[in-house]
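In: Sequence and computational prediction follow.
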There are 2 protein chains.
Amino acid sequence: MRTLKNSTEIKKTDHAEPEVSRLKQEVERLSALLEISDYLASTLDLDELLLRVMEVTRKQLNAERCTVFLIDFERDELWSKIAMGVQEEIRFSLDKGIAGHVARTGEILNIKDAYADPRFNPEVDKKTGYRTRNLLTMPMRNKKNEIIGVFQVLNKKEGSFTAEDIELLKAISSIAATAIENASLYDELNQSFVSFVETLSITLDARDYITSGHSRRVTLYSVQVARLMRLPKKEIELIRYAALLHDIGKLGIPEIVLFKNKKLTEEEYNIIKRHAVLSKSILSKIRFQRHLKEIPQIAAAHHEKIDGSGYPQGLRGDEIPRGGKILALCDVFDALTSRRQYKDRMDIVEVMDILERETGRSFEPFVVYHFKNITLNVLIEILEFGHKEDFKAQDLELLRNYTLKDLIRIRKQGAENDEEFQVAEIFMYYYQRKYRGE
Amino acid sequence: MRTLKNSTEIKKTDHAEPEVSRLKQEVERLSALLEISDYLASTLDLDELLLRVMEVTRKQLNAERCTVFLIDFERDELWSKIAMGVQEEIRFSLDKGIAGHVARTGEILNIKDAYADPRFNPEVDKKTGYRTRNLLTMPMRNKKNEIIGVFQVLNKKEGSFTAEDIELLKAISSIAATAIENASLYDELNQSFVSFVETLSITLDARDYITSGHSRRVTLYSVQVARLMRLPKKEIELIRYAALLHDIGKLGIPEIVLFKNKKLTEEEYNIIKRHAVLSKSILSKIRFQRHLKEIPQIAAAHHEKIDGSGYPQGLRGDEIPRGGKILALCDVFDALTSRRQYKDRMDIVEVMDILERETGRSFEPFVVYHFKNITLNVLIEILEFGHKEDFKAQDLELLRNYTLKDLIRIRKQGAENDEEFQVAEIFMYYYQRKYRGE
């Protein structure tokens, strides 16, 4: 991250020639604003942008802290995703506190002694151990002059905030508002795309009770494996979309074959196998963004096997895209661990024995290796997706320290201590439990 | 659109005090750049942005014309959507002309006498009747220093382009590049969303040959009516998405009922009617952007009738959203004019008689009024969507001057002249023609 000039530098002046010194100061101020403008404009990632706005403001006003709150108009709340120092989302009602007051009234509040002011709420200081001396709170307005958020700058390093600080913050605020509106528009559009794909994926799975939740779980497993493999953020996003959409080709298979309860004829099986190719041809029609261009290839490869015996293309080894190898394993794992009508789940040891046997034939060893490193809390939450409300927090806490690999060892070779015994018991309790109606 | 200071103003200086005058000039320059930065950052619409960049550059450099070319990396071409003066997309290979040279080499070319320079291609001047005297051509680079486009500024109003102009253009170019990259990212994401929705819509329709192309045609009719009603751009976009997705609820209806060839029982008909409610519930799960929030309500209303006898809610009159009223008419029009196996199309006069009879009962009169104003070239292109390559250009040219309303009059009361006779003949030829295999 580039460093930006701070206000001390900007305000250094030469008192010999007042006109020259005033102009020099103005040149410095404008240069700094231009640099800020460029810096803020060069990201559309809302989280990153808010971080930049807070960093720039703090430096320019020579203050200890800065928080930017945005208004959530649907919920009448103010929120800040990344408060500097405290790394969590803060949310509160628009009626509350100084920030709420400023957001509602549009007033600029420059409070020189926080604890002497009745509007100041010392609760946050109490919680964080921070001591607020003075604070400048200013509304952020967009081009239409609507208030979209609030700046709160805490503890001027020397003295308290001046009229000059207020002018500077106004200028920064105007630049920031435009950048934030752009990033918010991008974020909204992206969320609408994600939620569209997720909704479609869930709707397609739900057509048949047997596949209900399948794509969602395959997606969760695949993303987990991709993270354990430490793949770049953009490749993880690519794999997530490919997983959500890998079975979209089933839209082209008649339901009478697709949902048949009895054993399939060879002809019927061949019809069903066409879904992989159909996924590719449907997805190829979509103009995905650059980093998502490989979605059709990955989705189409979810039944390929590394020894070349899979379909539709019979690809071998590294002819199969990495995402496709991950999907292939997660797809089979989900099929083997699904609850079927009138049947219990296959024992997890048996499931893993099958997968081990196919490692190096169907599955890429590297992918299996990472899959077994999924921690048990994550694993059971995916297996039992949709029943999360039943989990005891303390159980998940205990499972967090063990992986699938650990579980298989415990189950095969016995527990080495009480905790291991307990971990296996807890996991198996959730894994095997039954629900009403099943 | 705001007006921006032009370079003549900026360069006015006071020669009495060289230091003060230099600083004043710098303040002016920086203020102008800051204003430009704000102006360019405040739109994510790529077309609008390019227009702004060209306008600003032309003014700042005190030139007659400015064109910004962007590189299309997939096709190795330069393109400009809105060249000032000529309102069309220009495209040419990266190998060509001065702009191509600059895009490839990154050189800045300041040509003081165009016709004396062998690199200058006078063809464009010949076509447009414009006379290029001098031109400044400069690459546009993004933050990674990659060339993403080219500025071409023509005919400095006094003299030719100076070193100062080059410096100013560099500064503008850097600001513009960031804004263009943001707008391009937004545009890409939006295109991927649109193409996703379109692909899904087509795929769903294609499950059954009877509905193949239905949603696409309903969308085209609806957008046409919305345009004739002069609805705002954002509402037209809303209606377009609602039309593409109005039948998505059919995903929740078993194919055995949905695609039944024989007469439906009452029970089966009731199952099929559920698709409207299902469309709403599926679409309600998607977090659409603000201006698209009404999609679920509009999509769900495509079988409502203004007398309250429709379904699923039995809404009356203006309880039905405007988009829903448009969809309802276009949906029925498409059903009545569809080619069914072994059957010819219903005559268009008969179709319109049915619609007229239902106007004020099923359909909103205002919507029917605008529907009848669709011109015949547009109408036949939608009716025959997928067979566009068969149209004769001269036929479409003739149909362009008549509306559906005209056609019905001609067919009912007879042609008033030869052209009217011909128009009806041509329309009916395309309307009634058969294809191989039908």
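Out: That came in fine, so what should we check first?
In: where along chain A do the strands fall?
Out: Ranges of strands in chain A, per DSSP state E, are A:63-72, A:77-80, A:90-93, A:109-111, A:135-141, A:147-156.
In: The fifth one pairs with which strands?
Out: Just to be clear, that refers to strand A:135-141. Applying DSSP bridges, strand A:135-141 is found paired with strand A:109-111 (antiparallel), strand A:147-156 (antiparallel).
In: okay if I get those strands as JSON lines plus mean pLDDT, distance to A:Asp406 and mean neighbour count?
Out: Every residue, glycine included, has its C-beta placed from N, CA and C. Formatted as JSON lines, these follow (pLDDT from 0 to 100; distance: least, Cβ to Cβ, whole Å; neighbours: other Cβ atoms under 10 Å in any protein chain shown):
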{"stretch": "strand A:109-111", "mean pLDDT": "96", "distance to A:Asp406": "55", "mean neighbour count": "18"}
{"stretch": "strand A:147-156", "mean pLDDT": "95", "distance to A:Asp406": "46", "mean neighbour count": "23"}
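In: Show me how far the longest helix seen in chain A is from its chain's centre.
Out: Under DSSP state H, the helix in chain A containing the largest number of residues is helix A:163-205. Here helix A:163-205 is found 15 Å from its chain centre; the criterion is Cα atoms, centre = their mean, to the nearest Å.
In: From chain B, how far off is A:Leu336?
Out: Using Cβ to the nearest Cβ, to the nearest Å, we find A:Leu336 at a distance of 27 Å from chain B.
In: before we move on, what about A:Lys260?
Out: 12 Å.
In: Tell me how far the closest residue to that residue other than its chain neighbours lies from A:Phe366.
Out: Nearest residue to A:Lys260, sequence neighbours excluded (Cβ to Cβ, 6 or more residues apart in numbering or on different chains): A:Glu268, at 6.7 Å. Applying Cβ to Cβ, to the nearest Å, the value for A:Glu268 to A:Phe366 is 35 Å.
In: between those two, who's got more neighbours?
Out: Higher neighbour count among A:Glu268 and A:Phe366: A:Glu268, with 17 against 14, using other Cβ atoms under 10 Å in any protein chain shown.
In: Confirm for me that the more buried one is in contact with A:Leu258.
Out: No. Applying Cβ atoms under 8 Å as the test, A:Glu268 and A:Leu258 come out as separate, 9.3 Å apart.
In: Would you mind naming what in the stretch 151-300 of chain A lies close to chain B?
Out: Proximity of the stretch 151-300 of chain A to chain B (Cβ under 8 Å from any Cβ of the partner chain) is limited to residues A:174-175, A:178-179, A:182, A:185-186, A:188-193, A:195-197, A:199-200, A:202-204, A:206-207, A:248, A:251-252, A:254-256, A:282, A:285-290, A:292.
In: Please check the residues you listed and keep the buried ones.
Out: The neighbour-count criterion (16 or more other Cβ atoms under 10 Å in any protein chain shown) marks A:174-175, A:178-179, A:182, A:185-186, A:188-190, A:192-193, A:196-197, A:199-200, A:202-204, A:207, A:248, A:251-252, A:255, A:282, A:286-289, A:292 among these as buried.
In: what sits against the residue nearest to A:Leu376 when sequence neighbours are not counted?
Out: Leaving aside its chain neighbours, A:Leu376 sits nearest to A:Leu399 (3.9 Å; criterion: Cβ to Cβ, 6+ apart). Residues counted as contacts of A:Leu399 (Cβ atoms under 8 Å, 6 or more residues apart in numbering or on different chains) are A:375-377, A:380, A:423, A:426-427.
In: Show me the helices in the stretch 301-438 of chain A, by range?
Out: Ranges of helices within the stretch 301-438 of chain A are A:322-337, A:348-358, A:365-371, A:376-383, A:393-399, A:404-413, A:418-432, based on DSSP state H, counting those that start in this stretch.
In: so for the longest one, what's the average pLDDT?
Out: The reference is to helix A:322-337. Summarised as a single mean, pLDDT over helix A:322-337 is 97.
In: ditto for the last one
Out: Helix A:418-432 shows a mean pLDDT of 96.
In: Also the second one?
Out: For helix A:348-358, the per-residue pLDDT values average out at 97.
In: again with the fifth one
Out: Confidence for helix A:393-399, expressed as mean pLDDT, is 95.
In: show me what contacts A:Gln422?
Out: A:Leu398.
In: could you measure it against chain B, distance?
Out: 39 Å.
In: Do I have it right that A:Ser31 meets B:Leu33?
Out: No. Using Cβ under 8 Å, A:Ser31 makes no contact with B:Leu33, being 9.6 Å away.
In: between those two, who's got more neighbours?
Out: B:Leu33 (23 against 16).
In: mind checking which of the helices of the stretch 301-438 of chain A is nearest B:Lys157?
Out: Across those, B:Lys157 has its closest neighbour in helix A:322-337 (56.3 Å, Cβ to Cβ).
In: For that closest one, list every residue counted as buried.
Out: Buried, per 16+ other Cβ under 10 Å, within helix A:322-337: A:322-334, A:337.
In: Tell me what angle that helix forms with helix A:418-432.
Out: For helix A:322-337 against helix A:418-432, the angle by axes from the mean of the first three to the mean of the last three Cα atoms, to 10 degrees is 80 degrees.
In: what stretches of chain A score poorly on pLDDT?
Out: A:1-16, A:82-88, A:341-342, A:435-438 (pLDDT under 70).
In: domain parsing for it?
Out: What automatic domain parsing lists as the domains of chain A is A:7-185, A:186-432.
In: measure the longest one end to end?
Out: Read that as domain A:186-432. Taking Cα to Cα, to the nearest Å, domain A:186-432 runs 43 Å from one end to the other.
In: partners of the closest residue to A:Leu70 other than its chain neighbours in the sheet?
Out: Excluding the flanking residues, the one nearest A:Leu70 by Cβ to Cβ, 6+ apart is A:Gly149, at 4.2 Å. A:Gly149 has the following beta-bridge partners by DSSP bridges: A:Leu70, A:Met140.
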